[in-house]
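S.K.: model the structure of this input:
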Amino acid sequence: MESGRTGKRNFTEAFYENLTKGLEKDEALRQAKLDCLENRSGRMLAPQYWAGLVIMGDTAAIDLQQKSNIWLMLIFGILLVLLGAFYKRYT
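M.R.: Residues are numbered from 1 along each chain as shown. Below you'll find the model as predicted:
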């Protein structure tokens, strides 16, 4: 038998998995709700477990890809070298 707490966690996991696939927030929630209805049985199918969860605000997809800061680090390194050279020259 599935508890409400376990069902809620699985629903949340499905929602975040859909977000990582690049779906918009409202579509990710819709897919998680449909998945919930397909994979649950008994009292866990009751709308009280899934219908109250809604998206408010911006529904655009979230970019969860790790962005590289290599250019920022390279520029910062060059600035440090130049600063060190100027400091050494004028002291």
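S.K.: and the longest helix belonging to the chain, how far from the chain's centre?
M.R.: What stands out as the longest helix in the chain, according to DSSP state H, is helix 70-90. Its chain's average C-alpha position is 35 Å from that of helix 70-90, according to C-alpha atoms, centre = their mean, to the nearest Å.
S.K.: likewise for stretch 52-65?
M.R.: Remark: stretch 52-65 is offset 9 Å from the chain centroid, using C-alpha atoms, centre = their mean.
S.K.: can you pull out the low-pLDDT segments for this protein?
M.R.: 1-9, 65-67 (pLDDT under 70).
S.K.: tell me where it has helices.
M.R.: Under DSSP H, the chain gives helices at 4-20, 25-39, 70-90.
S.K.: from the contact counts, what lies against the second one?
M.R.: Right, the one you point to is helix 25-39. Judged by 3 or more C-beta pairs under 8 Å, 6 or more residues apart in numbering; DSSP states H and E, helix 25-39 is in contact with helix 4-20. (Glycine included, C-beta is placed from N, CA and C.)
S.K.: circling back to that earlier point, check the helices of the chain for me and report the most buried one.
M.R.: helix 25-39 (a mean of 16; mean count of other C-beta atoms under 10 Å).
S.K.: identify all contacting residues around that helix.
M.R.: Under the criterion C-beta atoms under 8 Å, 6 or more residues apart in numbering, residues 7, 10-12, 14-15, 18-19, 21, 23, 45, 49-51, 53-55, 58-62 lie in contact with helix 25-39.
S.K.: mind listing what residue 59 touches?
M.R.: So residue 59 contacts 24-26 (C-beta under 8 Å, 6+ apart).
S.K.: now do 10 Å
M.R.: Residues near residue 59 by C-beta atoms under 10 Å, 6 or more residues apart in numbering: 24-29.
S.K.: one more: residue 17?
M.R.: Going by C-beta under 10 Å, 6+ apart, residue 17 touches 23, 28, 31-32, 35.
S.K.: mind putting those into TSV with distance to residue 85?
M.R.: Output for the contacts of residue 17, formatted as TSV (distance: C-beta to C-beta, whole Å):
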residue	distance to residue 85
23	50
28	51
31	56
32	56
35	59
